[in-house]
Structures are given as C-alpha cells and as structure tokens.
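1. mind folding the following:
(one chain, ligands or ions: 2)
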Amino acid sequence: MKEKVLIADDDAGIAWVLDKFFREKGFEVIVARDGASAEKALREASVPLALVDINMPGKDGLTILKDAKKWEGFKTAVIIMTAEGTMKNAIEAMKRGAFDYVTKPIDLDELDVITARAVEDFHLRNEVSVLKERLKEKLAGETVFVGRTKVVERIFKTVGKVAPKDATVLVQGESGTGKELVARLIHANSLRCEGPFIAVNSAAVPGELMESELFGHEKGAFTGATETGRGKFELAGGGTLFLDEIGDMAAGLQAKLLRAVQEREFYRVGGKEPVRVDVRIIAATNQDLEKAVEEKRFREDLYYRLNVVTVTIPPLRERKDDIPLLAEHFFDKFAREMGIETRRLSKDAATELMTYPWPGNVRELENVLRRGVLLSPNTVLTPADIALPQRHYRKESIEDMISARLEPFLEKALSSGPSSSGRGGGRQELYDSVMPFMERPLIKLVLKKTRFNQIKASELLGINRNTLRKKIRDLKISKKDVKD
Ligand SMILES: Nc1ncnc2c1ncn2[C@@H]1O[C@H](COP(=O)(O)OP(=O)(O)OP(=O)(O)O)[C@@H](O)[C@H]1O
Ligand SMILES: [Mg+2]
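-> Ligands and ions are numbered 1, 2, ... in the order given. Reported below is the predicted structural model:
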C-alpha cells in the first residue's frame, strides 16, 4: 500500500515541486491550497505525513497544527514550512507539536531524511498506541475477581455500571473478602485505567503522619521536610485513589478528607495555596461504618460523601459454591508463579474446604492452598495436605450439633401445643424443660472426668461449689450415673 502525504501550500510552484518529489518516492499525494482544505484533508485522510505552510489563506499552518493536536487519535507527523525562517516561528511550530520545521527554499536532500524519520515515527506511534490498547485489555483481563454465585454476579453488575463513571464507591466486607481487588477491578474498567491506582491504608500509617501521607507537605513544614513532598492525592492525579480501612481514620483528618473529597482540592501540610487534583475515590472498610457514625467515631457528612455507591462483598462462608472455582484459580496462579504443575483437590479435601467457615475469607483460602502446594509433593491434595485449623471445626460443630438436635425437638414441642400442666404459657415451660437436658449431660461429663471430685468439677465448670452441689441435687445426678 502506498503511504499518503499531504502537501498544504498556496504557492503553486512549491506544491508542484513537492508533489513531484513525493510521487517519485512512491507516495500518494494530496494537495491542498488553502487552510480549510488542508484541515479537511488532515482530518479525513489520516495521512502519516503532512507538509504544512504557515502562511495560507483561510487558516494558517500553526493554528491548524494546534487544533489538530487536540483531535482524538491524531498521529500525523506534521512538518511546518515557512518562507521566513524566524526563531519565533521555529519555536512556536515545535512547541505546538510539529515533527519538524523547514525553511524555503526547501533542501530536498534534507527533506528526504526528515521524511524517512517522520514516516518511521508515525508507524512507531501507531504501534505504541496499539500496544497501549493491548496493555489496557491485559490489565482489565488480569484483574479477575473469581466467582459465579448470584451474590458475586450482582457485584459484577454494579462494578460494570459504576466503573466508567467517576462516582465515589464504598467497598464493604470482612477482612480478606477481596475489597482491594474490587477497587482495582473498578479502576481497570474505568476511563482512568491508564492512570495510576494509588492505595493508602489508614490503619497502617501512624495518625500523625497520615496528613502528609495523604496531602503532601511544603518544604520546611516540619522537621525533616527538606523538600516539598507530594501526597497520595497528588500521586493519584488522573487515576484512582484507594482509601483502605477508612473507618480507622483519625477524627481530625476526617474533616480535611471531607473537604478534599467534596472539592477535589486540599492544602499540603504547611501549604497556603490549595492544590487541585483530578482523582476518582474508592474507599474500603471492614467495619460497620453506619454504626461508627451512630457512635460518633466517623463523621456523618463524610460517610454520605463516600457512600455514593456501595459494593458489599459477602463473606466467603456465604458463597461457598465459589470455593472450588477459587481453588482452581489459585492452583493455576501458584503453578505459573512457581513454574510447577497445577494441583487438584481430592474429594475429601474439597468437602473439607466447603465445610470450613473461613473466618479469614479468600485471603485465608489462598494462604491455606499455597501452604499445601508448597509442603506437599502430591498433585492431588488430600485433607492432610490442606491441614485446616481444627479449632474452628469444634467451635462451630458444638453449636451446630446442639442446634441440629434442638430443632426437631422444638418442632415436636410446638406442634403438640402449649402444655396442659397449667403453670404459665408453653414458652416458659419449654425453656425450663430444655435447660436441664443441656446442663445435665455437661455436669455429668465433668463429674465423670473428675471422678466425682466436686471441687475440681466446679473449677472446671467455672461455677461456685455450692451452686454445683445444688445442681447435682436438682438434676438428680448420683455417683452411679457417672460410672463408666
Ligand atoms: N474473588 C476473588 N478471586 C480471586 N482472588 C481473590 C478474590 N477475592 C480475594 N482474592 C485474593 O485474596 C487476597 C485478599 O484480597 P484483598 O486484599 O482484595 O482483600 P481485602 O478485603 O482488601 O482484605 P483486607 O481487609 O485484609 O485488607 C488477594 O490476594 C486477592 O487477590
Ligand atoms: Mg485490603
């Protein structure tokens, strides 16, 4: 395919010479003889190269250049030509983004060299923008929040709706649920995705340093401030600022943050002039901020400013169906990171993962699986390889066990109606009739363990010895009840 070149000059003689020169070099030439048609050709023909005269009827070359640079995706290498080789023109042309500047009469050898460079430059910039486009896609593609459950699907929908807007988002969820990941996902799918994503954690930075961390400081603002320092707000300019653990922010700073969020304007520490900044704010918290507002630990006005859109990530135990998918995702990730074969879960191991309550959520799941992969040579990981903490099992299972047994009992009691014993309503009687059955086996077990030593038993139970004695009497527990 022939390269295109635009020659814009009202001087017929020069236009003819250049037309001939470029045709001989194999270009397809477009000639424009005034400002308006030159601009039209630049806009419509998307030529790699344009030679534009400064003095033309209609619109001069420098103004055309200045305007064209504002068009989206304008990549043409523009060479400005002039009969008057003044410093002012030369500087102005380059300042406005000309590729080069030549004076008439044009030295064709020089033009030959410039042309070769300009065409190469055009293609390079095209490639760069293609690469950038690809990088953008890759970024959005690499930030993956794994999940297929209904609750996660709802999160995706919100993210998709809110990402392209600049609305402030509050991400809520227990520790390790993926709050930062969701914030990154919003950024990666936003119009700011090529801008920076800057995170700042209120819980990790000591209170007295936080103001300077957020807003920066002027030289001499405090001891050690030998230079002006930019804060996270400024660093996030053109991108997204992620305010992590926002609930831990000191009260004094909340007022300053409110101003910054409201006005997109703030003062550096020790600064007299306000600094303006273009940032999108995403905040995250694992606390109940509404409660913090009620308890006056968090400013109500700031809460409403941050809480324009809320994304609540449910704990992992409420979306257990995503666990196998997450496990697969992490196994693939570790395999890539460590250059090893990917792993799988045995059926029993998968069952254990599904029943464990995951107090540390996805972060805990990731850690447990990583340890399993590191410590075991097996391709198929067994429950022993996974080694879940047993403590949580017991804690949950005792309650589960009792509830499981209580439920049918209750159903039966309720369906048979209020008791006819005559004293009080059915409700009170239910409590009185159930409680001994909870206490009796417990006390019996402890007495059995202590071989009916009532002092030891009362210590183990953490109740008074007289109370224990009374209970033994009331519950009619005798020594022979606790014999093996
Ligand atoms: N749905 C998910 N898919 C893939 N990876 C996830 C998912 N959720 C969390 N992770 C991973 O789990 C880890 C913890 O996630 P993240 O740091 O976003 O959680 P967090 O809610 O910010 O936790 P914390 O409150 O402890 O700061 C990260 O490595 C993250 O990549
Ligand atoms: Mg986090």
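
2. and residue 225, what does it touch?
-> 212, 217-219, 269-270 (Cβ atoms under 8 Å, 6 or more residues apart in numbering). Glycine gets a C-beta too; all of them are placed from N, C-alpha and C.

3. now with 10 Å?
-> By Cβ atoms under 10 Å, 6 or more residues apart in numbering, residue 225 lies in contact with 212, 216-219, 268-270.

4. biggest separation within the residues you listed, which pair?
-> 212 and 219 (12.2 Å; Cβ to Cβ).

5. joint contacts of those two?
-> If you check residue 212 and residue 219 against Cβ under 10 Å, 6+ apart, the residues they both contact are 225, 229, 268, 270.

6. residues near the last one, how many?
-> Just to be clear, that refers to residue 270. Residues within reach of residue 270, counting by other Cβ atoms under 10 Å, total 15.

7. for the residue lying closest to it once chain neighbours are set aside, give its distance to ligand 1.
-> For residue 270, ignoring the flanking residues on the chain, the nearest one in space by Cβ to Cβ, 6 or more residues apart in numbering is residue 221 at 2.7 Å. Using Cβ to the nearest ligand atom, to the nearest Å, residue 221 is found at 30 Å from ligand 1.

8. residue 221 contacts residue 269, doesn't it?
-> Yes - assessed by Cβ atoms under 10 Å, residue 221 is found in contact with residue 269 at 4.6 Å.

9. which neighbours do these two have in common?
-> Contact criterion Cβ under 10 Å, 6+ apart; residues bridging residue 221 and residue 269 by contacting each: 211-212, 229.

10. among those residues, show me the least confident.
-> When the shared contacts of residue 221 and residue 269 are compared by pLDDT, residue 229 scores lowest at 85.

11. contacting residues for residue 331?
-> 340-345, 369-370, 372-373, 379, 381.

12. then residue 211?
-> 205, 217, 221, 231, 250, 252-253, 256-257, 266-269.

13. what is the nearest of those residues to ligand 1?
-> Ligand 1 lies nearest to residue 205 out of the contacts of residue 211, by Cβ to the nearest ligand atom, at 14.2 Å.

14. pull out the buried positions in stretch 295-302.
-> Within stretch 295-302, the residues that qualify as buried by neighbour count (16 or more other Cβ atoms under 10 Å) are 298-299, 302.

15. my bad, should have said stretch 87-100
-> Judged by neighbour count (16+ other Cβ under 10 Å), stretch 87-100 contains these buried residues: 89-90, 92-93, 96, 98-100.

16. can you give me the strands for this structure?
-> Secondary structure of the chain by DSSP state E: the strands cover 4-8, 28-32, 49-53, 77-82, 100-103, 169-173, 197-201, 240-244, 265-266, 275-276, 280-285, 309-313, 344-345, 380-381.

17. CSV please, covering the ones you listed and showing distance to residue 470 and mean pLDDT.
-> CSV is the format used below for the strands of the chain (distance: least, Cβ to Cβ, whole Å; pLDDT from 0 to 100):
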stretch, distance to residue 470, mean pLDDT
strand 4-8, 102, 95
strand 28-32, 106, 94
strand 49-53, 101, 95
strand 77-82, 97, 92
strand 100-103, 102, 90
strand 169-173, 48, 97
strand 197-201, 54, 93
strand 240-244, 54, 96
strand 265-266, 67, 94
strand 275-276, 72, 92
strand 280-285, 48, 97
strand 309-313, 49, 95
strand 344-345, 52, 95
strand 380-381, 52, 95
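
18. let's have these in TSV, adding distance to ligand 1.
-> Supplementary listing: these in TSV, determined by distance: least, Cβ to the nearest ligand atom, whole Å:
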stretch	distance to ligand 1
strand 4-8	48
strand 28-32	51
strand 49-53	47
strand 77-82	43
strand 100-103	48
strand 169-173	5
strand 197-201	8
strand 240-244	6
strand 265-266	25
strand 275-276	28
strand 280-285	6
strand 309-313	7
strand 344-345	16
strand 380-381	18
